[in-house]
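Asks: below is the sequence, then the predicted model.
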Amino acid sequence: MRTPQVEPRTGMPAQVTVYEVGPRDGLQNEQSTVPVEVKAEFVRRLLAAGLETVELTSFVPQRWVPQLGDAEELLALLGPAGQGQQRPVLVPNERGLDRALATGVTAVAVFGSATESFARRNLNRSVEDSLAMFGPVVQRALDAGAWVRGYVSMCFGDPWEGPVPVEQVVTVCSRLMDMGCDQLSLGDTIGVGTPGHVERLLDALEDAGIGPDQIGVHFHDTYGQALSNTMTALHRGVTVVDASAGGLGGCPYARSATGNLATEDLVWALQGMGVRHGVDLEALVTASSWMAEQLGRPSPSRVVRALAGSAE
């Protein structure tokens, strides 16, 4: 299989953690139900490809996201996490946390919003009320020995409110980190961010005491900016990047949110710069091609299409 020519780029981190969100964020917006056995096999293939952090599912009520109503069944099929693996799940509230902890998970994430409009649509409450709800969730998760991530959606733009002030994003991020979250994920939910905007937000967060070592970035590729925005974040010291195998993804509460940054596209770029990532690109392409077959359509990832095509 073809691989990129390695030409190191100055200013890049030596190693990047790929935070794989395909099984959760990638599949949550699928209209037809994906069998739980298919989801489990997808996760197994991703883990076998060397992805050590794979976000599995969300413990939200089934009426919110029908595709993820099989969370307990999925975790039962997968069994305990292997050594060195981290398999986070999303929890919206204390009831979701109870369900998650009962399955033995050791990593959870809460998902907030930088804007009122999306908070209302995603959690049916205001930004302030959602943060108040997250407080005891985060504390109880930490008390149980779990690793906790805080997602913030609509960091770069909102389909109902338009541009989102950087200071507004920083306020929500700071509140989550003050609760004790181990990591913060900055979400460009509708994919409107640009490199300059990324730099400005990272600068503002650092001024607020949230450094790049505490941050992951989560870019959608609606306007083709996901990879360039990621490179900008890496150049500023971020070393955790959310990506979805095959470029799957969207958001059930924001129709303008299209696919995530494709994991294969990210890995190709990292490999070409000589940045360590621990992923077997060939195995990853095979896994994404397999999942595309299950969904009955080609993979959106350019790297998957290029490499799968060259192998035929």
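Replies: The structure has been received and is ready for your questions. None of the values given here were measured: they were computed from a predicted structure.
Asks: pLDDT below threshold where in the chain?
Replies: For the chain, applying pLDDT under 70 flags the ranges 250-258, 310-312.
Asks: cutoff 90 now
Replies: Scanning the chain for pLDDT under 90 picks out the ranges 1, 29-31, 61-64, 81-84, 121-124, 249-259, 297-300, 308-312.
Asks: please enumerate the helices of it.
Replies: With DSSP state H, the ranges of helices along the chain come out as 36-48, 71-78, 94-102, 116-123, 127-143, 166-179, 195-207, 226-235, 263-272, 281-295, 302-311.
Asks: okay, these in a markdown table with distance to residue 1 and mean neighbour count next?
Replies: The way it works is simple: take the backbone N, C-alpha and C, and place the C-beta from them, glycine included. Shown next, in a markdown table, are these (distance: least, CB to CB, whole Å; neighbours: other CB atoms under 10 Å):
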| stretch | distance to residue 1 | mean neighbour count |
| --- | --- | --- |
| helix 36-48 | 16 | 19 |
| helix 71-78 | 28 | 18 |
| helix 94-102 | 37 | 18 |
| helix 116-123 | 39 | 20 |
| helix 127-143 | 40 | 18 |
| helix 166-179 | 39 | 18 |
| helix 195-207 | 30 | 17 |
| helix 226-235 | 20 | 22 |
| helix 263-272 | 11 | 24 |
| helix 281-295 | 5 | 20 |
| helix 302-311 | 6 | 17 |
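Asks: would you turn the ones you listed into a markdown table with distance to residue 86?
Replies: Formatted as a markdown table, those follow (distance: least, CB to CB, whole Å):
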| stretch | distance to residue 86 |
| --- | --- |
| helix 36-48 | 11 |
| helix 71-78 | 13 |
| helix 94-102 | 14 |
| helix 116-123 | 24 |
| helix 127-143 | 14 |
| helix 166-179 | 19 |
| helix 195-207 | 23 |
| helix 226-235 | 20 |
| helix 263-272 | 16 |
| helix 281-295 | 17 |
| helix 302-311 | 24 |
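Asks: for residue 246, find the nearest of those helices.
Replies: Nearest of those to residue 246, taken as CB to CB: helix 281-295 at 3.5 Å.
Asks: helices or strands next to the closest one in the packing?
Replies: In terms of contacts (3 or more CB pairs under 8 Å, 6 or more residues apart in numbering; DSSP states H and E), helix 281-295 is packed against helix 36-48, helix 263-272, helix 302-311.
Asks: got a list of contacts for it?
Replies: Under the criterion CB atoms under 8 Å, 6 or more residues apart in numbering, residues 1, 3, 22, 30, 34, 38, 42, 45-46, 48-51, 245-246, 248, 262-264, 267-268, 271, 298-299, 301, 303-304, 307-308 lie in contact with helix 281-295.
Asks: follow-up on the earlier one: to residue 11, which of the helices of the chain lies closest?
Replies: So among the helices of the chain, helix 226-235 is nearest, using CB to CB, at 5.0 Å.
Asks: from the contact counts, what lies against the closest one?
Replies: If you count contacts as 3+ CB pairs under 8 Å, 6+ apart, helix 226-235 packs onto helix 195-207, strand 215-219, strand 240-243, helix 263-272.
Asks: ok, and what's touching that helix?
Replies: 11-13, 16, 188, 191, 193-195, 198-199, 202, 212, 215, 217, 219-221, 241, 260-261, 265-266, 269, 275.
Asks: any buried residues in stretch 13-32, and which?
Replies: Of the residues in stretch 13-32, 13, 16-29 count as buried by neighbour count, 16 or more other CB atoms under 10 Å.
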